[in-house]
Structures are given as C-alpha cells and as structure tokens.
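**Q** After the sequence you'll find the predicted model.
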Amino acid sequence: MTTEIYLDGNATSPVLPAAIAAATCAMGQRYGNPSSSHAAGLSAKALLDQARQCARRLLGVGEGRLMFNSGATEGIQTAVLSALVALRERREQGEAIGSLLVYGATEHKAVPESLAHWNRLLGLNLTLHKLPVNPQGTHDLDALRACASEAALVCTMAANNETGVISDIAGIQSVLEQTGCKAYWMVDCVQALGKLALHLAETRIDYAPFSGHKLYAPKGIGMLYVRAGAPFTPLIVGGGQESAQRSGTENMAGIAALGTVLAALERGDTFRTHAELEDYRARLADALRAALPGIVFNNPFENSLPTTLNFSVPGLASRELMDVFDAAQVRVSSGSACSAAKAAPSYVLDAMQLPLWRSAGAIRMSFGPLTDAAMIDDACRRIARCGAALRAGCLIPSERNGAAHDGLLQMGVEGACSWLVLDAASRSCVLIDPLPDHTARIEAFVRCQNYRVQAILNTMAGQQNGALIEALGRHAASRVSADAYGWPALPDKVTLAGGQSVPALKLGARTLACVVDGAQRHYLLGQAQQGQLAVAAVRFAFSNNQCAPALQGLTGAATLLCPSRDEQNQFCAGAMAAATVCCDSLQLDHAGLNLLLAAHPDALLIDVREDYEYAASATVLPVAGKVQSVPLSRLTEHAADWLATADSTLVFICRSGNRSLKAAQCLRRLGHQHSYSLTGGWALAALAQAA
Ligand code: PLP
C-alpha cells in the first residue's frame, strides 16, 4: 500500500520518534508527580527542569517567565487575561490606558476571539481594532503608527499559519518605540518555533505563546513566555504548580516529549537547515507549476517560512484540489485547517486583498523541518500524477482530447447548478442554465472533449451567456437566431403527451423538447418514437420549478426532475420522491459492509469520487466486491438506470463518506430502498484493512 505524504505541517505534525520514546519513558518509568518529594517525584521534577532550562536557552527568555501549559490557545488566553486585568487596574487608578485592542487582520482566530471574550467578561469595553496587512501579508506599519497612541494591547504573530508570511517584528517594535506606545504586546510564535531564531528577552515582546504539536511534540503541550516585569494573572489556579502560574499536575509525557524536540533543535543535528528547506519548497513549487497550468502562489516566498506554499489554480475549487491530492495520498489543507471542512474563503487571503477565486480556492502545502529529499521527490511525482489526472478529467486545459463522456453531467456551486447534456457519438452537447462561475470549467471540458455546443439554454429569460459563448469560441454553434432563452430557431418539432407540438432539438438518439410556460421554460429529454415523446419516454425534465403545473401530464413516474437550484444536494427529484430519508438506516460501517456483501454477493459498489480522483488514486482500493466508478456529477444519469432495477443492492463509497451518503440518500428518496453508504469512505476502509 502506498504510504501517505503528509504536507500539512502547519496544522500539526507527527511526533518525533525520540519524543515518543521520551513520553513513553515519562509514563512508564519516570511517572512520579514532580511535586512529590520522594525519589519518583524528584526524578519527574528533574525531567521538568531539564525541559524548561532547554526552552529558556533556546528562546532566549532571559529573566522572563517560561511556563508549560496545554498549548497556544491557552497561552493566548493567559496573555490576554494578564494584559486586560492589568489594564483594568491601571484604569481604575485613573491612568489613561488607550481604548484599542489592536490585532493583526491575519491572526489565528484564537486571538480576536480571546480579546472579545475577556474584554466582555472583564467589563473593559475597549474596542477591537483590526490592523490591516499589505498585499504581501505583512502588517501595515503606517496603520499601526496611526493607532499606536490609542492602543492598550497589540497582538501580532511571528509567522502566519496559512501563508507562512513572516512578520516584521523589528519594524513593529520600532513603531511601538517611536510612538511611545505603552500598549502591552503579544506575539503568537506558534509557527515560528524551530523555523525562526527567537531571542525573546532582547525584544519588548511581553507575551509569546507556543504549541508543541506544530513541531513534532504531541498535542496538548505548549509554553507561554512572559517578559520579566510584564503583568501576569494565572488563568488556572489550584495546587500551585508551575510556580503558581499554571496550576494542575503537569503533563509530564508532553513535557518530556517537547523537551526532547527542543533539545534536538538546540543541538542542531536533527532538523534540516533553512537552505535545505528552501530547496525543498522550490522543488515542490516547480512540480506544481508543471502539473497545474496557471497556478498562482499566494505567499511571497522571499518573505515566508521556507516550509509553506499557498496556491490557487484558475478554474479549480479548493475542494477539488484537496480531493485529488487526497486520492494520491498527499495530505494538504484548504485555507486554514479550521475552515477546511467548509472551504470558505480564507480570511487571511481576503485580508491580503487577493481576488475571491484565489482566497476561496486556496490550498496550503506545508511541511516540517524533519522532511527529507526522498519524501519531497515522492511528493513531486504524486503532484505530477494529480496534474495528469486533472488534465485527463478535463478540469484543467489539456491538449489531448479526453475519452468522451456521455449523458448528463451536473456541476454545482453554492446551491445552483449547470447541466450538460452530452452525446458522445455525435460529440455534440447542450448546456442548460450554465452558471457564470462555471465558465472556465465548461470551456475546459468542452475544448478538451472536443464537443460542439448546439445550444446554451436557460429556464428563465435574460440570462447573460455572452462570456461563455466567447470562451467557447469555435466550439459554440452560432446563436444568431436563438431566442432570449438560447433556444435556436430550428424547424424540428416533437409531439408531447396530450398532442401538444413543441420545438425540439436532436441530440444523438435523444430529443430535447422545449415547453413554453409563461416566463419560464422547461426542457424534456427522452427518446422520441416517430415524432412522439410519450410520458414514459421522458427521462429527465429541466426546470427551475419542479411543481410547475405545465409539467403535469407531460412527465411520468420514471421522469427525473433536474433542478436549476440544488441547495440540499439532492441532485434530482422524482414523482415518487420521499421528503426525508433517515440517515441511520443507510449507513454501513466496514463490518456492516462485509455482512451485506455476504448476504448480497451481487451488490454493486459504486465509487462516487470524480474521475480525476480515481485516476490519481495510488492504491488498489481495499474492499471486497466489484467497484464501479460513477462520479457524483453523473449520478442523475445513472440513477434512472438503477431505479429501473429497484431490487438491486447499491453501496456508495467516496473518500470520507459525505458524498456517498448524499448519493445513497438521493436513491432512497427516489424510491430505491436498498441503497447504502460506507461510513468513513475509503479513508476508514483503508484503516480497517490495515488493522
Ligand atoms: N496560533 C497559530 C498561528 C496557530 O497556527 C495555531 C494552531 O493552528 C494556534 C495559534 C492555536 O494553537 P493550538 O490549537 O495548538 O492551541
């Protein structure tokens, strides 16, 4: 089985083997409580002191405090609480403290959230003030200068988690000094640990939080530096551990592991040098440029951590890039890890004023300083394979013609969808309600498959398709004589049920009929016999109103209604469709799948990942039975066939179980009672097999 390549180091890292050994030793042999005065306790205390001394030297904390805690989120809370409590006391004593809590626009969410939380709880009523960044991602120092006299607390980061952009800490310090700013200053150093030299006591930084898991220590261990003389209020009180700065029995396994990582950093014999890491990034960037034409990098390499790349590809959504990389077992993230599930535009890239397509389509590729050249070479090979898969799937411009698709294709974006009706034999197609957001995608697809677009139809009048027509160039049929809905002036007619004769368009063996309904149009697709499109022959109806009375009597029980909006990801609806479907009854775990396959050996396993994921997939998929590939974008076409054999058993599978669940729900809703989804998808199937 192909091993995974982990390129999401800014989210978290694996644990250094020596750190695992140290944690195991702390749990197995040196398990004492460091507060106990017997030998077991003293042994644990020695471990704790050793780790702290190493951290103090490495970070150059001078006379400052350095306490262990659970991670940066806690460190940020403690810093904010400490600063705000001191500000409140100073204000109560009649001192002018400034009115602004200033934070960088690209800070991790933990910072503005903590500021708002403690400002409210402590009743300070200060104003949160977002400090803009420039298009290169560094803080706007003029804007800082302008607000410095009113700043009570300033929060900036040393390096950004999404872009790796390195802040101008010296520049910020000089603005604070030049303006005589009395604000406290917190610098989030999470991404800087092990990648940038830090001499904290030589700066005027008051607070600096760290998280161990960003640099090969486990999750749940972190550190907070507090400058000597900076105000401090403990967040957690109790048994007085950590010199009463952070009570609670210490996380000794975490501290032992983090201490081991810090010792390795101090020795300088474990991690790659800055130059080596820069070389690795350059190699990854070259591989990405070759694989993904038009790629743009969103972070300036000359001022970013050498371990981070952030990029967008025209015409590709971050979800699609994530899926293809994941299929090739290359783990990357879209935007920041927290918003990866939603793939919302990145607020970091928005703050850098990048266009929406870049901030919404961004991928972060990041690695740790333990990475080696062999891993980078392997990553480059897999990137090339992802590029080839996307080209073969016609998602990015391709010189060669892909294998022709046939039937219906649905592209969706934010609830709306574009439909493509394709006839492979004649290499001609019709587009229905194409969305402006899909222009690049449709163009790439049509050119790559060398289709001729017979018509670009809309279900409502007044839609502007000019940009798409222009983009399609010679692939679009002349629309000189098309009406306001894009319907071409053709002499063909077909007779519908009830005897109505309507305009028709031939698409290979299929006929597309146009039903005029006031300001709306409905399009019926089916196989006409001797100029008649009978109810039973209408397989698909395209409409933006599925309940339109005009459709009654023209469509039947077997007709699938293809909506122009699909907020709920229902793909299509049918006359027999149930309103809701219970999720529990259709989800199978791995054991459930095996039982089902034993009972129904002819069950059809349907992989609903897109073609390009299938093509990029490095492994033989770990499941018994025969697997058929039907991408979700072509579910509607196939649903019609599966419904015709309603006693068959269908098991849908995808990468993580989300898309397969939607597919199984769709089939159940349409009346197919034996459709299931494999929970956790291929990701968990692989784990179950490995176990
Ligand atoms: N600050 C930055 C820059 C981060 O990248 C992260 C984690 O993603 C945090 C703070 C929060 O760290 P943790 O979740 O370990 O508490």
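**A** Done, it's in.
**Q** CA atoms for contacts and neighbours, from now on please.
**A** Fine.
**Q** For the closest residue to the ligand within the stretch 351-500 of the chain, give me phi and psi.
**A** The nearest approach of the stretch 351-500 of the chain to the ligand comes at residue 366, 11.8 Å away (C-alpha to the nearest ligand atom). When quoted as degrees, to the nearest 10, the phi and psi of residue 366 stand at phi -140, psi 150.
**Q** same thing with residue 417?
**A** Dihedral pair for residue 417: phi -140, psi 150, per degrees, to the nearest 10.
**Q** Assess the claim that it and residue 437 are in contact.
**A** No. Checked against C-alpha atoms under 8 Å, the pair residue 417 and residue 437 is beyond contact range at 9.9 Å.
**Q** before we move on, the earlier item: the residue of the stretch 351-500 of the chain closest to the ligand: neighbouring residues, count only.
**A** 26 (other C-alpha atoms under 10 Å).
**Q** try the one 5 residues further on
**A** Residue 371: 18 surrounding residues under other C-alpha under 10 Å.
**Q** same question, residue 120
**A** 12.
**Q** same question, the one 10 residues further on
**A** Other residues near residue 130 number 18, with proximity taken as other C-alpha under 10 Å.
**Q** same thing with residue 548?
**A** Residues near residue 548, counting by other C-alpha under 10 Å: 12.
**Q** now the residue of the chain most remote from its centre: how far from residue 519?
**A** Going by C-alpha atoms, centre = their mean, the residue of the chain most distant from its centre is residue 499, 51.6 Å out. For residue 499, the distance to residue 519 (C-alpha to C-alpha, to the nearest Å) stands at 22 Å.
**Q** follow-up on the earlier one: what confidence value was assigned to the residue farthest from the centre of the chain?
**A** In this prediction, residue 499 carries a pLDDT score of 92.
**Q** Residue 411 too?
**A** 87.
**Q** Can you tell me the element it falls in?
**A** Taking DSSP states H and E as the criterion, residue 411 maps to strand 407-413.
**Q** So the one residue in the stretch 551-691 of the chain that gets nearest to the ligand: helix, strand or coil?
**A** Residue of the stretch 551-691 of the chain nearest the ligand, by C-alpha to the nearest ligand atom: residue 656 (22.5 Å). Classification of residue 656 by DSSP: H, G, I helix; E, B strand; the rest coil places it in coil.
**Q** Would you mind confirming that it is in contact with residue 685?
**A** No. Contact criterion C-alpha under 8 Å: residue 656 and residue 685 do not qualify, at 9.5 Å.
**Q** Neighbour count: the two, which is higher?
**A** residue 685 (22 against 18).
**Q** I'd guessed the more buried one sits against residue 590; true?
**A** Yes. Taking C-alpha under 8 Å as the contact criterion, residue 685 and residue 590 are neighbours in contact, 6.5 Å apart.
**Q** Give me the distance between the nearest residue to residue 426 once chain neighbours are set aside and residue 495.
**A** Spatial nearest neighbour of residue 426, chain neighbours left out: residue 508 (6.2 Å); criterion: C-alpha to C-alpha, 6 or more residues apart in numbering. For residue 508, the distance to residue 495 equals 18 Å [C-alpha to C-alpha].
**Q** Same drill for those two, tell me which one is more crowded.
**A** More crowded of residue 508 and residue 495, by other C-alpha under 10 Å: residue 495, with 19 against 15.
**Q** part of a helix, is the more buried one?
**A** No. Secondary structure of residue 495 (three-state DSSP): strand, not part of a helix.
**Q** Now for it: which residues touch it?
**A** 501, 502, 531, 532, 533 (C-alpha atoms under 8 Å, 6 or more residues apart in numbering).
**Q** And for residue 436?
**A** Contacts of residue 436 (C-alpha under 8 Å, 6+ apart): 465, 467, 468.
**Q** name the element residue 425 belongs to?
**A** Per DSSP H and E, there is no helix or strand for residue 425.
**Q** ok, now which ones touch the closest residue in space to it that isn't next to it in sequence?
**A** With C-alpha to C-alpha, 6+ apart as the criterion, residue 425 has its nearest non-adjacent residue at 6.9 Å, and that residue is residue 508. Contact partners of residue 508, counting by C-alpha under 8 Å, 6+ apart, are 423, 425, 426.
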